[in-house]
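In: compute the structure for the input listed below.
(2 chains)
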Protein chains: 2
Amino acid sequence: MKVIKFGGSSLANGTQLKKVLQIVKDDADRRIVVVSAPGKRNDSDEKVTDLLIKLADEVKNKEDHQKTLKTILKRYQDIVDELEIDPSVMDIISKNYEKLIQTKFYNELYALDAYKASGEDNSAILVAAFFNKEGIPAKYVNPKDAGLLVTDNPGNARVLPESFKNLYALRDSKEIIVFPGFFGYTKDGQLLTFSRGGSDISGAIVANGVKASLYENFTDVDAIYVANPKMVKHPKKIKQLTYREMRELSYSGFSVFHDEALQPAFSAGIPVVVKNTNNPSAPGTSITRTKPENKQIVSGIASSTGFMSIYIGKYLMNREVGFGRRVLQIFEDFNLNFEHMPSGIDDLSIILRANQMTMQQEQELLYRLKNELEADDVQVKGGICLLMIVGEGMVNSVGTVAKACTALAEADINLEMINQGSSEVSIMFGIDEKDEARAVKVLYDAFFPAKKD
Amino acid sequence: MKVIKFGGSSLANGTQLKKVLQIVKDDADRRIVVVSAPGKRNDSDEKVTDLLIKLADEVKNKEDHQKTLKTILKRYQDIVDELEIDPSVMDIISKNYEKLIQTKFYNELYALDAYKASGEDNSAILVAAFFNKEGIPAKYVNPKDAGLLVTDNPGNARVLPESFKNLYALRDSKEIIVFPGFFGYTKDGQLLTFSRGGSDISGAIVANGVKASLYENFTDVDAIYVANPKMVKHPKKIKQLTYREMRELSYSGFSVFHDEALQPAFSAGIPVVVKNTNNPSAPGTSITRTKPENKQIVSGIASSTGFMSIYIGKYLMNREVGFGRRVLQIFEDFNLNFEHMPSGIDDLSIILRANQMTMQQEQELLYRLKNELEADDVQVKGGICLLMIVGEGMVNSVGTVAKACTALAEADINLEMINQGSSEVSIMFGIDEKDEARAVKVLYDAFFPAKKD
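Out: Below you'll find the model as predicted:
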């Protein structure tokens, strides 16, 4: 049994939905279809999810919401018209929205989650109706009925472990199941959404629950690339990645997945494949627990901007037991996550995402660091990009760092930081943001040289 | 006014003391002489300080101490005989030891410090007598009388800031002052020693106190070398170092100085020169706050063994605000200093000196890390060597890391860790201890290539 997930672009219009149908038909093992909300039909189009956030806002502020609601409904109506689905499905969807707008919510965050989730929910209802009309017996299943339980964190819910056992029952369905992505329910019955990449998460949770043989994630690219196509022209495709490689890559700026999205599938050892709805015969990228040994040491290159470093210098720092702990205590008081902490004898630096602090908080943080730690020197540097090379083979290859550093040095790119030593599958470099694209390019050329014919 | 310090090998016998006399005579500015205890006369000889530790032990355990005491006294007697110094000086030294052995100490650590310090103290008395006999007016000054005050940490005392003002009065002496290194007194009048490199510390404190124009540190090498001569044959000599470079180098295994020894001179901006008692005309190595710009980016290479790493892996670690702080809190509970903390997304490693823990403590530490942090994985790896390249020019040179990594990679030396990003003057690599000498050698060859004639 395979779980198959389609992203927003695969559900944007009737033409795309026909491709989805064909893909499901092509393999009898594709028994559970997890769907996103309709995505953009073209570059100037709006995502249904974005329209829903606007709608939630208008309703909350008691503004006129009729125009926005109409636009949303028209997106579903267009698909119904294009595919000649039984028009009664639009009655269901319209009533769902009527009911949603009348609901009084305990708090605004719950409301926002309910509005956002309705995009996926009604998309699933529509897809099930389309499949049935085309002679493929299918049924919409609501996550509440399926027992997809989550923690009480609006916009950032986490799956509860008992969900997996509940979801196992989906195996028994004789019809193809169409399951809306992006949300679950608390034990109290409150609808909450996952974080970014929410439909990917739902698919991975369902795949885990039903013990799928494969989790197929259909999107609009042929494969995951070894480097960002915005920075490298026609980068090579990745045929196979390990879970660990995928996690490190997606953490550091690979846009295909949010770094935690696939975890429920990974933890159950279920292989994942990333494929293209618009070119389903392409092999895609498969992601597995292990992979055969390979001459290619580096699997991918990723980068991410928006980091800052805070430097703290104090003579004899390394003799003060507890100094590092006190530094981190202050960061914790500001509820700040840090990424890295390189240290010298008399100094240490904290690398963190800059968007965690306002200017005011930054000033307060610096004041406390300087005064409570009696530091000689505290300095802030913004505009840092973290650059990562990832590959399972790296731990055994002494030359990888040398190769990377040489490539960066030849391009005159200064290293603010190197972090190597904890993860076996990645090495991280800190560079100036302005050098990002150039750095990715030279690393790509170093590790993925064009074949000489 | 110059403060001049002589190490143990410069005071090991009469022949060496004659060299000391000549050096002091050669420059009228050399007004304060800080001395160590007599060192080894040959490879099989014992240092007086080691004999004193033995003596302290015997007295403490009420064992027969006569043989050890005799050996110690004979070391001084031999010098008195060789140099034909007034024999009455031996009466003073003998009585000092009689008195020391009869003293009842408040605790054993105070006793040990008093025994150790007597080596330097009696050495100073002897040197002053020798200078006077040779027609150089000199006087022994006791650190208590000079007001060298320290914190109450036996074996690891720290200078109190008021000492510097007290010591300024030494400038007024018409005679050359001979000052014993290695110890000071608490405000309660208790004698306590500094840590390793104690006489170097005393010299630097005195140089600071009297606002010396130069602190000359005489030892038995012509200069500080760019790499350890035990690992590299005839390494190049360093002409000039900055304070920062010296601190980083001595921290990481340069045996000439303990890493904090020169700090009192540095903090007052007093230049330091390291010279050879056996070859005083050699220019030595001068250590100053700044140095002229130089094509030579790397100033020195150092290494130090005896480190271990503790790896902690936990899925979603980077989402847990406070995780790093809680790790360091546990290390602090064990009173452990850590050196570095490289981190990945789901893991971090702590690099620390292995000799801080017994096996029992290590087991307890690992148990707490695993259980309190709910870590997925905790692993220990011993036998780590930290390798450091140091140089003021490094921060502006993009190719230094590349060059170092390439040299190590070509020698097939695996990198356990790289730490770059906090200190502007050093880069640190973690390697396996077994590769230490080879690593130093290849880095030396890379950064200090033999001139082609």
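
In: quick check: A:His258 vs chain B, distance?
Out: Counting by C-beta to the nearest C-beta, to the nearest Å, the separation of A:His258 from chain B is 12 Å. (C-beta placed from N, C-alpha, C; glycine too.)

In: mind checking which helix or strand that residue is in?
Out: If you go by DSSP states H and E, A:His258 is not part of any helix or strand.

In: OK, contacts around it?
Out: A:Ser195, A:Arg196, A:Gly197, A:Asp200, A:Ile201, A:Ser250 (C-beta atoms under 8 Å, 6 or more residues apart in numbering or on different chains).

In: export those as CSV, with columns for secondary structure.
Out: CSV is the format used below for the contacts of A:His258 (DSSP: H, G, I helix; E, B strand; the rest coil):
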residue, secondary structure
A:Ser195, coil
A:Arg196, coil
A:Gly197, coil
A:Asp200, helix
A:Ile201, helix
A:Ser250, helix
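
In: so which one among the residues you listed has the lowest pLDDT?
Out: The lowest pLDDT within the contacts of A:His258 belongs to A:Arg196, with 72.

In: not counting its neighbours along the chain, what's nearest that one?
Out: Spatially, and ignoring its direct neighbours in sequence, A:Arg196 is nearest to A:His258 (4.6 Å; C-beta to C-beta, 6 or more residues apart in numbering or on different chains).

In: how far away is the one you found from A:Ser199?
Out: Look at A:His258 and A:Ser199: by C-beta to C-beta, to the nearest Å, they are 10 Å apart.

In: quick one, which of the contacts of A:His258 are buried?
Out: With burial judged by 16 or more other C-beta atoms under 10 Å in any protein chain shown, the buried subset of these is A:Gly197, A:Asp200, A:Ile201, A:Ser250.

In: and the furthest pair within these?
Out: Of all pairs drawn from the buried ones among the contacts of A:His258, the widest gap by C-beta to C-beta lies between A:Ile201 and A:Ser250 and measures 12.3 Å.

In: and the helices in the stretch 51-200 of chain A, which stretches?
Out: Counting by DSSP state H, counting those that start in this stretch, the stretch 51-200 of chain A has these helices, from start to end: A:66-83, A:88-102, A:108-133, A:143-146, A:162-167, A:198-209.

In: so which of those helices is nearest B:Lys165?
Out: Closest among the helices of the stretch 51-200 of chain A, using C-beta to C-beta: helix A:108-133, at 63.4 Å.

In: what angle do helix A:198-209 and that closest one make with each other?
Out: 70 degrees (axes from the mean of the first three to the mean of the last three C-alpha atoms, to 10 degrees).

In: give me the buried positions along helix A:108-133.
Out: For helix A:108-133, burial by neighbour count (16+ other C-beta under 10 Å) applies to A:110-132.

In: tell me the centre residue of chain A?
Out: A:His258 (1.7 Å; C-alpha atoms, centre = their mean).

In: so what are the domain limits for chain A?
Out: A:2-288, A:300-447 (automatic domain parsing).

In: now the last one: mean pLDDT?
Out: By that I understand domain A:300-447. Taken as a whole, domain A:300-447 has a mean pLDDT of 90.

In: endpoints of that domain, how far apart?
Out: Distance between the two ends of domain A:300-447: 9 Å, counting by C-alpha to C-alpha, to the nearest Å.

In: quick one: neighbours of the residue of the stretch 1-150 of chain A found nearest chain B, just the number.
Out: Closest to chain B within the stretch 1-150 of chain A is A:Val150: 15.6 Å, counting by C-beta to the nearest C-beta. For A:Val150, the tally of surrounding residues (other C-beta atoms under 10 Å in any protein chain shown) stands at 24.

In: go on, A:Ser281?
Out: For A:Ser281, the count of nearby residues is 9 (other C-beta under 10 Å).

In: try A:Lys62
Out: Counted with other C-beta under 10 Å, A:Lys62 comes out at 7.

In: what pLDDT does the model give it?
Out: Note for A:Lys62: predicted pLDDT of 94.

In: how near is it to A:Ile101?
Out: A:Lys62 sits 11 Å away from A:Ile101, going by C-beta to C-beta.

In: ok, the residue lying closest to A:Lys165 once chain neighbours are set aside - contacts?
Out: Excluding its sequence neighbours, the residue lying closest to A:Lys165 (C-beta to C-beta, 6+ apart) is A:Gly209, at 7.5 Å. Each residue near A:Gly209 by C-beta under 8 Å, 6+ apart is listed here: A:Ser163, A:Phe164, A:Lys165, A:Asn166, A:Leu167, A:Tyr168, A:Leu170.

In: out of those, which comes closest to chain B?
Out: A:Phe164 (16.2 Å).

In: contacting residues around the closest one?
Out: Going by C-beta under 8 Å, 6+ apart, the list of residues near A:Phe164 reads A:Ile205, A:Asn208, A:Gly209, A:Pro264, A:Ala268.
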